[in-house]
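Trainee: task: produce atomic coordinates for the following.
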Amino acid sequence: MARGNGNIMKAGMQPRVLIVEDEEKLRRVLSLHLESRGFEAVPVSTAEEALRLAPQAQLVLTDLRLPGMDGLELLDSLQRLNARLPVVVMTAFSSVETAVEAMKKGAADFLPKPFSLDHLDAVVAKALEVQQLREENTRLREELGRRYRIDNIIGTGPKMQEILAAVMRAAPTRATVLLCGESGVGKDLIARAIHFHSPRASQPFVKINCTTIPENLMESELFGYEKGAFTGAVASRPGKFEQADKGTVFLDEIGDVPPSIQVKLLRVLQDREFERLGSNRTRQIDVRVIAATNADLRRALEEGNFREDLYYRLNVFPITIPPLRERREDIPLLAERFLRRFAAETGARVTEISPEALRVLVEYHWPGNVRELENVIERSLLYADGAVLGPEHIRLDYAPRRNANGQTPASSGGFLPEGMTLEQYEQQLIREALRRAGGNKSQAARLLGLTRNALRYRLSQMGID
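Mentor: Model (predicted):
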């Protein structure tokens with residue numbers, strides 16, 4: 001065997017490789033070589049010894065021809081013991097049939113004897129890398145599952161409790177769900193919670209933002225295309241729906257889907273079938289569809305921009321998520337969670353939010369909903385220099401909210417921002433003036449066109465010294 005060059009292990013790592021080989025000379029060569037590459041080699045001569053030591057190994061390198069239990073039987077036993085343990089099999093009696101059988105039983109790779117030590121290095125490194133990626137994927141899935149658990153979604157008020165109860169009713173079923181609500185209320189979070197509490201949790205969750213896909217590319221993005229379907233289609237490619245097979249498709253901003261694609265979506269929802277662009281072959285698909293919109297789909301129906309039959313197919317299980325200003329009781333808990341998260345990410349010393357700062361947050365009208373609150377907390381942390389986030393650190397966005405036509409919507413009185421009372425709006429102006437004046441009351445009073453005493457009176461009414 002030719003000896004390879006270089007060390008294939010990273011510093012500080014020493015995976016344990018169990019070598020199962022009845023030929024003593026080869027067992028010793030493999031052991032010495034792997035140790036020179038930074039592994040901890042554990043050589044044994046029988047499958048029975050290997051099964052006893054396998055729980056402490058990160059990889060098994062085994063011959064297929066062994067005394068007593070052979071390599072394929074050992075492979076079966078190792079799969080039952082730990083299906084994630086990578087096993088590389090080697091044999092002098094190599095054949096396609098033997099290799100295929102070993103791979104079907106779960107072998108990570110196959111080494112026909114004689115093999116070079118360079119080949120051994122490459123196979124072992126690849127098997128460990130694949131194993132590491134699988135473990136990382138499993139860990140990320142577990143983390144996502146924990147993140148989207150119902151008890152991790154903040155909602156103490158009656159409105160959000162109704163939403164969470166609806167999620168738990170919808171999750172075990174295959175029913176299509178339509179999530180409605182303003183931008184930033186957390187429709188993505190609810191969609192993922194439904195998926196991770198469903199029987200499809202271990203399968204793909206594919207999000208499709210219908211707003212960001214150009215109309216001329218939407219069909220190929222959703223349903224895929226065949227080679228030669230259009231200029232530049234040099235190879236066939238599956239679409240988002242095929243990628244989500246056995247899992248969940250999340251159609252965000254479904255109201256922006258053009259009529260030509262609405263017809264094809266209707267067919268997928270009704271018959272669970274479609275054709276790729278440039279193909280006549282009908283493909284079957286098993287996906288659960290969750291759609292979301294911040295638009296009024298009923299108005300779109302009346303205006304002829306959305307198909308009535310598609311609307312009713314989507315509206316099987318509707319869930320309307322209330323805006324943040326309608327569930328102010330959740331704001332303190334949300335703010336504290338965002339504070340902990342961003343403080344940990346940035347290394348900020350802030351550990352709590354003062355009652356005065358919470359009052360500022362609760363009284364704001366939050367046109368951008370939970371997403372805006374998250375951004376405000378992240379921004380405000382940059383201004384805090386102690387352990388407590390105070391009202392002087394809060395940086396709110398006072399820009400007026402605009403509708404789809406670029407106009408500022410009026411409240412019931414025609415002057416105030418949406419969802420705000422006159423008292424709330426006045427208090428926000430006062431806080432903003434104090435912020436711009438650096439806490440100087442005289443300067444803040446001038447900005448507001450008030451006397452200093454008038455400002456002091458209003459501050460006392462607000463509970464601010």
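Trainee: how about low-confidence regions in this protein?
Mentor: Applying pLDDT under 70 to the chain flags residues 1-13, 93-96, 138, 140-151, 398-420, 465.
Trainee: for residue 90, give me phi and psi.
Mentor: Dihedral pair for residue 90: phi -140, psi 150, per degrees, to the nearest 10.
Trainee: and it, how many neighbours does it have?
Mentor: 26 (other Cβ atoms under 10 Å). To be clear about C-beta, it is placed using only N, CA and C from the backbone, and glycine gets the same treatment.
Trainee: how about residue 233?
Mentor: Counted with other Cβ under 10 Å, residue 233 comes out at 15.
Trainee: which strand or helix spans it?
Mentor: Following DSSP states H and E, one finds residue 233 outside all helices and strands.
Trainee: I'd assumed residue 278 was in contact with it.
Mentor: Yes - contact criterion Cβ atoms under 8 Å: residue 233 and residue 278 qualify, at 7.1 Å.
Trainee: overlap in contacts of the two?
Mentor: Contact criterion Cβ atoms under 8 Å, 6 or more residues apart in numbering; residues shared by residue 233 and residue 278: 225-227.
Trainee: drop anything exposed from the residues you listed.
Mentor: Among the shared contacts of residue 233 and residue 278, those classed as buried by 16 or more other Cβ atoms under 10 Å are 225-226.
Trainee: for the shared contacts of residue 233 and residue 278, which one is nearest residue 382?
Mentor: residue 225 (45.8 Å; Cβ to Cβ).
Trainee: the closest one - nearest residue in space that isn't next to it in sequence?
Mentor: Spatial nearest neighbour of residue 225, excluding adjacent residues (Cβ to Cβ, 6 or more residues apart in numbering): residue 277 at 3.9 Å.
Trainee: same check on residue 215?
Mentor: residue 258 (4.9 Å).
Trainee: can you get me a residue count around that neighbour?
Mentor: For residue 258, the neighbour count with other Cβ under 10 Å is 14.
Trainee: that one is in contact with residue 216, isn't it?
Mentor: No - assessed by Cβ under 8 Å, residue 258 is found out of contact with residue 216, at 9.6 Å.
Trainee: need the contact list for residue 259.
Mentor: Contacts of residue 259 by Cβ under 8 Å, 6+ apart are 305, 307.
Trainee: how far away is it from residue 310?
Mentor: Here the criterion is Cβ to Cβ, to the nearest Å. By it, residue 259 lies 9 Å from residue 310.
Trainee: and if you look at residue 338?
Mentor: Note on residue 338: its distance to residue 310, by Cβ to Cβ, is 37 Å.
Trainee: which one of the two is surrounded by more residues?
Mentor: Applying other Cβ under 10 Å to residue 338 and residue 310 shows that residue 310 carries more neighbours, namely 23 against 20.
Trainee: so that one is in which element?
Mentor: With DSSP H and E as the test, residue 310 turns up in helix 308-314.
Trainee: just checking, what packs against that helix?
Mentor: Helices and strands touching helix 308-314, by 3 or more Cβ pairs under 8 Å, 6 or more residues apart in numbering; DSSP states H and E, are helix 259-271, helix 297-302.
Trainee: distance to residue 121 added to these, as CSV?
Mentor: Formatted as CSV, the helices and strands packed on helix 308-314 follow (distance: least, Cβ to Cβ, whole Å):
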stretch, distance to residue 121
helix 259-271, 48
helix 297-302, 59
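Trainee: could you break this protein into its assigned domains?
Mentor: 16-141, 155-322, 325-403+410-462 (automatic domain parsing).
Trainee: and the biggest helix by length in the chain, which residues are buried?
Mentor: In the chain, taking DSSP state H as the definition, the longest helix is helix 117-147. For helix 117-147, a neighbour-count test (16+ other Cβ under 10 Å) marks 117, 120-121, 123-124, 127-128, 131, 145 as buried.
Trainee: quick one: secondary structure of residue 348?
Mentor: State at residue 348, reduced to three classes by DSSP: H, G, I helix; E, B strand; the rest coil: coil.
Trainee: what distance do you get for it to residue 52?
Mentor: Applying Cβ to Cβ, the value for residue 348 to residue 52 is 51 Å.
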